[in-house]
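Pasting a predicted model and its sequence here:
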Amino acid sequence: MKKAIILMLCFGSLIAMLTSCEKLTIPSEENAESTDVQKVQILTRSTTDDITYPLTVYAFKSDGTCAASQTLSSASESLSLQLASGTYQIVALSNTEGYTLPDNPTLSSLIRISSEQNISTRPLQTGMANVAVGTTSQTVSVMLSYRVSTIKISLSGLPSSVTAVSMTVASQYSSLSMEGEYGDAKTSTFPLTKSGDTWTAQTYTFPGASAQTVFSIALTTADGTSTYGYTYGKPLEAATPYNLSGTYSDEELNLFATFFNQGWNESIDLSFSFGPNQSGGEVTPSTVTSDFPTAGTIWDGHLVAYVYDDEGNVLESSATQGLTSVNLLLLSLEEWTKVCSAYNEENPTEAIEYTDSYCEGDLSGWSIPTKAEVLNLIQLYNVSHLASMQAINEVIVSAGGSEIVALDDDDKNVRYLCDDAEQAFTWRLTPNILKAGATTKYSLRLVNHVKAVKE
């Protein structure tokens, strides 16, 4: 269910006439000086009446420091901040029980899951918006979104000798910055409880930090512990419940799962058996006559982003020794800017049109990167390892391509489209993959898959 909270900012006597609106305007003084202090009233409203309180709201200055904050204990309370004229980023947090918040936060401060097991009993929600006080009027709304995944599991048919069951999920993020960047990969472990003949559990954890997710179920008996592992070829996503059900028979544990999005998109129901990670895209057979190409080099006129095996595991060059074939993920030499997302009303197919028309040499069949591919790319080339990014850009330019622009002229992260142009990411170690906006323009790099076979 979508949950939204509208932060409505107004001054003094205007409160009464504005509280019936869904979105409210921030009036301001045309000639307010930067040192003037304005009393800003922020009223909260929800489209669903089920926002969880307490709700904490922060106002961060442009340098990332916190100018003011307040916690609301109920929807009937209004929030009043004393803010000097200037630009602020508003951050709202809900469902924070089970999370550790910084005492004196900045925008880069981290929210962490409190438990050592990297799980929580509450689904954290956050929302952000930029506001200008003392300039021109504007309308401000903050949408609260779930920043965690829900994992719900039910196992039946387990032997009566089983005394304890637990699940480990690898690997998940364990922190979230105030500005919305995930970080610090860890495993998440939680116990299941028995009710009748069924073992169940439900928990929340930050999204996946790896290109694939490994579920490990441990069954404990008097004779010891047996572990069953299942690999899902994608990272767990925020705001997505994962419902897993398993049956045990003949010493085999069969696990099935259904996934659907909650709060952002229409429900999607999937059933599948967990298996090895499969990278997206069609793999086109090809042939090399000597050694396999390595990541970060030009092969047959194309940039090799990384090399992976048939199970989707990224391979170092030393790991390809003795293999007769490998798969290559190629990154386009060309880059597109100011591209519309799939949610743009006027041009929702712009990114897809680039994939259909792009041909590099004689190689066609290019595609927009999937989330799994993005996570693999980020591990290899990101602005946290600037030397790697500089090196790869030198290779791209030497082949006649255009550089990857990870940062704009103001040193802000440039967002690139992925996942059918429905999501966008940054070239950081924690890429912060989020739903793309309907009006924002993005950059775009395409990928392709080729199978390299030794003669």
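Ah, there it is.

what ranges of this protein fall below the confidence cut-off?
1-50, 79-80, 135-141, 233, 249-290, 379-387, 429-431, 455 (pLDDT under 70).

how's it carved up into domains?
As given by automatic domain parsing, the domain ranges for the chain are 5-146, 149-273, 283-454.

how about the strands in the stretch 301-450 of the chain?
Secondary structure of the stretch 301-450 of the chain by DSSP state E, counting those that start in this stretch: the strands cover 302-308, 314-315, 325-331, 336-340, 415-418, 423-426, 434-435, 441-444, 447-454.

Please apply the same query to the stretch 101-250 of the chain.
110-113, 125-133, 139-140, 145-146, 149-156, 164-177, 182-195, 198-205, 213-221, 224-232, 241-249.

Please identify the most buried of the strands of the stretch 301-450 of the chain.
strand 415-418 (a mean of 26; mean count of other CB atoms under 10 Å). Every residue, glycine included, has its C-beta placed from N, CA and C.

can you give me the helices in the protein?
Secondary structure of the chain, counting by DSSP state H: helices at 15-18, 350-357, 371-380, 386-398.

need the ones you listed in a markdown table with mean neighbour count and distance to Ser188, can you?
What follows is these, written out as a markdown table (neighbours: other CB atoms under 10 Å; distance: least, CB to CB, whole Å):
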| stretch | mean neighbour count | distance to Ser188 |
| --- | --- | --- |
| helix 15-18 | 12 | 43 |
| helix 350-357 | 16 | 33 |
| helix 371-380 | 21 | 17 |
| helix 386-398 | 14 | 29 |
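
how about those, which one is nearest Gly365?
helix 350-357 (8.6 Å; CB to CB).

and the angle for that closest one with strand 447-454?
Counting by axes from the mean of the first three to the mean of the last three CA atoms, to 10 degrees, helix 350-357 points 30 degrees away from the direction of strand 447-454.

quick one, helix 350-357 and strand 336-340 angle?
130 degrees.

How far off centre is helix 350-357?
Here helix 350-357 shows a centroid-to-chain-centroid distance of 24 Å under the convention CA atoms, centre = their mean, to the nearest Å.

Which elements pack onto it?
Using 3 or more CB pairs under 8 Å, 6 or more residues apart in numbering; DSSP states H and E, the elements in contact with helix 350-357 are strand 336-340.

and for the strand it packs on, what are the contacting residues?
346-348, 350-351, 354, 405, 417, 421, 441-444 (CB atoms under 8 Å, 6 or more residues apart in numbering).

Pick the one among those closest to Gly361.
Tyr354 (16.6 Å).

For Ile368, see how far away that closest one is.
8 Å (CB to CB, to the nearest Å).

and for the two, which residues touch both?
What both Tyr354 and Ile368 touch, as defined by CB under 8 Å, 6+ apart, is the set 444, 446.

Include distance to Glu335 when you put the helices of the chain into a markdown table, please.
Formatted as a markdown table, the helices of the chain follow (distance: least, CB to CB, whole Å):
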| stretch | distance to Glu335 |
| --- | --- |
| helix 15-18 | 45 |
| helix 350-357 | 10 |
| helix 371-380 | 14 |
| helix 386-398 | 9 |
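
Just tell me which of these ends up closest to Gln212.
From these, taking CB to CB, the stretch that ends up closest is helix 371-380, at 6.8 Å.

can you give me the angle the closest one makes with helix 386-398?
Using the same axes, to 10 degrees: helix 371-380 against helix 386-398 is 110 degrees.

any idea how far Thr320 is from Val326?
6 Å.

okay, and the common contacts of these two?
By CB under 8 Å, 6+ apart, the residues touching both Thr320 and Val326 are 292, 307.

What sits closest to Thr106 if chain neighbours are left out?
Gly64 (4.6 Å; CB to CB, 6 or more residues apart in numbering).

Check Leu303 too.
With CB to CB, 6+ apart, the residue lying closest to Leu303 is Leu331, at 4.9 Å.

The one you found contacts Ala305, doesn't it?
Yes. Leu331 is within contact range of Ala305, at 4.1 Å (criterion: CB atoms under 8 Å).

quick one on the thing from earlier: so which of the helices of the chain comes closest to Arg147?
Nearest of the helices of the chain (CB to CB): helix 371-380, 16.0 Å.

what's the angle between that closest one and strand 302-308?
Going by the same axes, to 10 degrees, helix 371-380 makes 100 degrees with strand 302-308.

Just the CA atoms of helix 371-380, as PDB, please.
Taking C-alpha atoms only, helix 371-380 is exported to PDB below (Å, rounded to 0.1, in the frame of the first residue of the first chain):
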ATOM      1  CA  LYS A 371      20.100  -4.200 -11.500                       C
ATOM      2  CA  ALA A 372      22.200  -7.400 -11.100                       C
ATOM      3  CA  GLU A 373      24.500  -6.100 -13.900                       C
ATOM      4  CA  VAL A 374      24.800  -2.700 -12.300                       C
ATOM      5  CA  LEU A 375      25.900  -4.200  -9.000                       C
ATOM      6  CA  ASN A 376      28.600  -6.100 -10.800                       C
ATOM      7  CA  LEU A 377      29.700  -3.000 -12.700                       C
ATOM      8  CA  ILE A 378      29.800  -0.900  -9.600                       C
ATOM      9  CA  GLN A 379      32.100  -3.400  -7.800                       C
ATOM     10  CA  LEU A 380      34.600  -2.900 -10.700                       C
END
